[in-house]
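K.L.:
Below: sequence and its predicted model.
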Number of protein chains: 2
Amino acid sequence: MAEQLMPIISQYKASIDQDLLACIEELDIHEHLKASMQYSIEAGGKRVRPILMYLTTLACEGSIDKVKPVAIALELVHTYSLIHDDLPAMDDDDYRRGQQTNHKAFDEATAILAGDALLTLSFQCITNAVSLSAEEKVFALSRLSEVSGAKGMVGGQSLDLHFENTPIDLTQLEDIHHLKTGQLLVYAMEMGAYLAGAPLDTIDALKEAAKAIGLTFQIQDDILDVTSDTVTLGKPAGSDEANLKSTYPKLLGVKGAESEKQKQVGISRRMLEKAGVNETLLTQFITYLSNRDR
Amino acid sequence: MAEQLMPIISQYKASIDQDLLACIEELDIHEHLKASMQYSIEAGGKRVRPILMYLTTLACEGSIDKVKPVAIALELVHTYSLIHDDLPAMDDDDYRRGQQTNHKAFDEATAILAGDALLTLSFQCITNAVSLSAEEKVFALSRLSEVSGAKGMVGGQSLDLHFENTPIDLTQLEDIHHLKTGQLLVYAMEMGAYLAGAPLDTIDALKEAAKAIGLTFQIQDDILDVTSDTVTLGKPAGSDEANLKSTYPKLLGVKGAESEKQKQVGISRRMLEKAGVNETLLTQFITYLSNRDR
């Protein structure tokens, strides 16, 4: 089955890129705002969240067409969060994936508004979905606002900024990552399963898997920042050390971080097994992501 | 009937203030973000939008309890928009209603995130409403994302910034105000009527009335900026002139602006009559707002 994963990922990614652009293209709005929204959508990325949703749907024998608007909404939320996170008042990044960030390519005001517009559009993407019942839309919207708002992603970003120069312990570090990045991954797998009609205990196991997967990715990021080099990473290595940022290697050492990562990998494997999806492309994709070197 | 209006407005305002605060209070999130969200909610304001929704509901013989979550959601959107509009990259205001703006009382990053969180919370407010059916929620959410997003309020703010130092004509000025402030007023009256079960032609007439009311307020604002003084206004008079901002008096002269205002008042009266609500507190409230001197 291993040889199937990469072409399927490529195919999903192409379809997600196309759907996202169509979503902006059809907006009858003035060109400046539209160009700014398009810019960050086209800047691309791996589309990990919607692909994770599609592969979960596939593993639960659901219809990808049905979940599409929810997957697109999720990627719109992720895209808006990157635009706002990059702002001078937040992480102050001039480049992302080798391209100028939105506020550098346009200006700060436009970047703030493009982010606001993408967040708002994400909800519309779900309300307008013809593939979903009203009840499904309400549940998808309710959970989207939870995972992306003050109790989820925005809360995590706020905590992260708040503790930027303060020593924190492992529990606090986990809390930040659960909120800041984990919640959107939980949403991806939860919705993929829910809309495929999976039973509640399967959905719960997949949500637990997603939390462990989120931590795995984060620990891997932190380890690579210490052990890799700038050329391999495609972004400056060693930046966490320079930033006084709390990371797993700083709290546990590289070896301790490696073993924490293995613990999380173990949790996600057990949960995927519990959900009955351990022989699927979903599991392959997760393994693939956990082993990346950049 | 005139003597009833003011106590009812006060009573609605008190109930809206309380519901808004409860909405934030119940959030289990970290204190810094919560304090920032609370700050802008407590900074208050006239609560024109939710009161307009309640009075429309009343005029259409609907239940205020039913529309409450939608009215609260609308005020959350309005509050978030003020926080983001005040940011240094946008209108760069240090004070609003005599109080420091959010980014001055906290910091820019917190203000951006508090805005994002309030916008996201507004959708949750509707998804969680026990008073609404799934179909009503989806319609309320769909329209909320339209009126507040790129095709509505955010689009208007973006147009406004884009034309800040460019001479524009009357049509462009109307377009900006329709989007930037008119759309949320349309939503207030549309939802008040829709959730009260009003027939489609009543809803349509009320939406037209709301558009005219939005322009009336804006023209009144512009006229007061020229003809009033700083003490009466409670904010600097003459600021539009200093800002090179396009306004009705600049395009039409004060007399021309007055007559354009009367034209819009006429449209709103005819539309309220068409909707069969011209003998109601709603109409009194609109007259009251149009005649304000600050």
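P.N.:
Alright, I've got the coordinates.

K.L.:
Distance check, residue A:68 against chain B.
P.N.:
Noted for residue A:68: a distance of 17 Å to chain B, by C-beta to the nearest C-beta, to the nearest Å. For every residue, glycine as well, the C-beta is placed using N, CA and C.

K.L.:
For the stretch 151-294 of chain A, give me the ranges with low pLDDT.
P.N.:
A:230-243, A:293-294 (pLDDT under 70).

K.L.:
Close to chain B: what parts of it are there?
P.N.:
For the stretch 151-294 of chain A, the contact set with chain B under C-beta under 8 Å from any C-beta of the partner chain comprises A:151, A:154, A:155, A:157, A:158, A:159, A:161, A:162.

K.L.:
what number of residues lie near the third one?
P.N.:
It stands for residue A:155. Neighbour count of residue A:155, defined by other C-beta atoms under 10 Å in any protein chain shown: 26.

K.L.:
can you tell me the helix or strand for it?
P.N.:
Remark: residue A:155 resides in helix A:153-162, with elements defined by DSSP states H and E.

K.L.:
number of nearby residues for residue A:149?
P.N.:
The local packing count at residue A:149 equals 25, with neighbours defined by other C-beta under 10 Å.

K.L.:
excluding its backbone neighbours, what's nearest it?
P.N.:
Nearest residue to residue A:149, sequence neighbours excluded (C-beta to C-beta, 6 or more residues apart in numbering or on different chains): residue B:120, at 3.5 Å.

K.L.:
For the one helix or strand that neighbour maps to, C-alpha coordinates in PDB please.
P.N.:
In the assignment (DSSP H and E), residue B:120 maps to helix B:108-127. Extracted in PDB, the C-alpha atoms of helix B:108-127 (Å, rounded to 0.1, in the frame of the first residue of the first chain):
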ATOM      1  CA  GLU B 108      -1.000  45.400  19.800                       C
ATOM      2  CA  ALA B 109      -0.600  41.600  19.800                       C
ATOM      3  CA  THR B 110      -3.200  41.200  22.500                       C
ATOM      4  CA  ALA B 111      -5.600  43.600  20.700                       C
ATOM      5  CA  ILE B 112      -5.300  41.600  17.400                       C
ATOM      6  CA  LEU B 113      -5.900  38.300  19.200                       C
ATOM      7  CA  ALA B 114      -8.800  39.700  21.300                       C
ATOM      8  CA  GLY B 115     -10.400  40.900  18.000                       C
ATOM      9  CA  ASP B 116      -9.900  37.500  16.400                       C
ATOM     10  CA  ALA B 117     -11.300  35.800  19.500                       C
ATOM     11  CA  LEU B 118     -14.400  38.000  19.600                       C
ATOM     12  CA  LEU B 119     -15.100  37.400  15.900                       C
ATOM     13  CA  THR B 120     -14.800  33.700  16.400                       C
ATOM     14  CA  LEU B 121     -16.900  33.800  19.500                       C
ATOM     15  CA  SER B 122     -19.700  35.500  17.700                       C
ATOM     16  CA  PHE B 123     -20.200  32.400  15.500                       C
ATOM     17  CA  GLN B 124     -20.200  30.200  18.500                       C
ATOM     18  CA  CYS B 125     -22.800  32.300  20.200                       C
ATOM     19  CA  ILE B 126     -25.200  31.400  17.400                       C
ATOM     20  CA  THR B 127     -24.200  27.700  17.000                       C
END
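
K.L.:
Sweet, I'm off.
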